[in-house]
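Peer 1: Show me how the following folds:
(chains A, B, C and D)
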2 protein chains.
Amino acid sequence: MTNMETNQVTFAKALADEHRQEIMQHLCCVWCSVSDIVDKMGGKVKQPTVSHHLKILEDANLVFIREEGRHRFYTLNQEHFNMCCGMLVRTFAPDYNDQLIPPESIPVE
Amino acid sequence: MTNMETNQVTFAKALADEHRQEIMQHLCCVWCSVSDIVDKMGGKVKQPTVSHHLKILEDANLVFIREEGRHRFYTLNQEHFNMCCGMLVRTFAPDYNDQLIPPESIPVE
DNA sequence: TTGACATATCGACGTTTATCAATATAATGA
DNA sequence: TCATTATATTGATAAACGTCGATATGTCAA
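Peer 2: The predicted structure is shown next:
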């Protein structure tokens, strides 16, 4: 393993495809089987392609997976997604890192 | 123009390369000429490659450019970077979107 | 005006990636 | 058991991408 890429690059690569982002939208807040996603993609891509994209999302830790019989259900891992975006902002937009304020720092009235 | 890609895909593609991310780090909070960057990359890539990467960042609106004589200075556009990350979180991590609160929504005491 | 410097562009090359048809694997129901 | 369904894997193909040497373009200094 000579050329291990960083988390931030893995994350960016996972997002760097139109169809993959559309799949991610379909998996946001919802559990879907592979064939569900194929249907939702409306013929734009075939089943093996969807499986391929899901594998990339899985390798990037961007989906949770639940196996049930012959089905495999996927949903978006929002927590990890949020964490990656946080890292990106801290790395590449440090001037804006303070512009969002964590709720616990706000005094109750 | 049949196949215009979304902002979020353009943004992700711009980040989806190890060397490009390293260049972005070198441009964060600092103005650099092209040859400055070539030097900072320590021989990993040549000048035409750096120019190529800078063009991709420029097309993604991720750098500010200042021309000065025969030099071209670049620096990271943190505001746009931050905005893109915000869009991504709203799109793909809506459950975490409320965990950070914009300052203007907080009443002064 | 000339030569050196800074950067962008071009053209070629090898690698990576997205895609699909075909097939393998595995679970289900008849 | 057997046909069907759901998904993953394989192998092939084309397109996209990163890289560099060579070169074009433009600026500066002597």
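Peer 1: Which parts of chain A are strands?
Peer 2: A:32-33, A:63-68, A:71-76 (DSSP state E).
Peer 1: Switch these over to TSV; also include mean neighbour count and distance to B:F73.
Peer 2: Using the backbone N, CA and C atoms, a C-beta is placed for each residue, glycine as well. Conversion of the strands of chain A to TSV gives the following (neighbours: other CB atoms under 10 Å in any protein chain shown; distance: least, CB to CB, whole Å):
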stretch	mean neighbour count	distance to B:F73
strand A:32-33	18	47
strand A:63-68	13	41
strand A:71-76	18	39
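Peer 1: for those strands, which one sits closest to DNA strand C?
Peer 2: Within the strands of chain A, the stretch nearest DNA strand C is strand A:63-68; the backing value is 7.5 Å (CB to the nearest atom of the strand).
Peer 1: So in that sheet, which strands flank that closest one, and in what orientation?
Peer 2: strand A:71-76 (antiparallel) (DSSP bridges).
Peer 1: quick one: the strand it pairs with near DNA strand C?
Peer 2: No - Strand A:71-76 lies out of reach of DNA strand C by CB under 7 Å from any atom of the strand, never closer than 8.4 Å.
Peer 1: Just give me how far that strand sits from the chain centre.
Peer 2: Strand A:71-76 sits 13 Å away from the centroid of its parent chain (CA atoms, centre = their mean, to the nearest Å).
Peer 1: mean confidence score for it?
Peer 2: The average of the pLDDT scores along strand A:71-76 is 98.
Peer 1: What residues does chain A have near DNA strand D?
Peer 2: Residues of chain A lying near DNA strand D (CB under 7 Å from any atom of the strand): A:33-36, A:47-48, A:51-52, A:54-55, A:70-73.
Peer 1: So which of the residues you listed belong to helices?
Peer 2: A:34-36, A:47-48, A:51-52, A:54-55 (DSSP state H).
Peer 1: just to revisit the earlier point, take the strands of chain A and write them to JSON lines, including distance to A:E5.
Peer 2: Listed next are these as JSON lines, based on distance: least, CB to CB, whole Å:
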{"stretch": "strand A:32-33", "distance to A:E5": "28"}
{"stretch": "strand A:63-68", "distance to A:E5": "19"}
{"stretch": "strand A:71-76", "distance to A:E5": "22"}
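Peer 1: Tell me how far A:D59 lies from A:I65.
Peer 2: Using CB to CB, to the nearest Å, A:D59 is found at 12 Å from A:I65.
Peer 1: Pull up the overlap in contacts between these two.
Peer 2: Counting by CB atoms under 8 Å, 6 or more residues apart in numbering or on different chains, A:D59 and A:I65 have no contacts in common.
Peer 1: Isn't A:H26 up against A:D39?
Peer 2: No - judged on CB atoms under 8 Å, A:H26 makes no contact with A:D39 at a distance of 9.6 Å.
Peer 1: which one of the two has more residues nearby?
Peer 2: A:H26 (16 against 13; other CB atoms under 10 Å in any protein chain shown).
Peer 1: For the more buried one, report the pLDDT, please.
Peer 2: Note on A:H26: pLDDT of 98.
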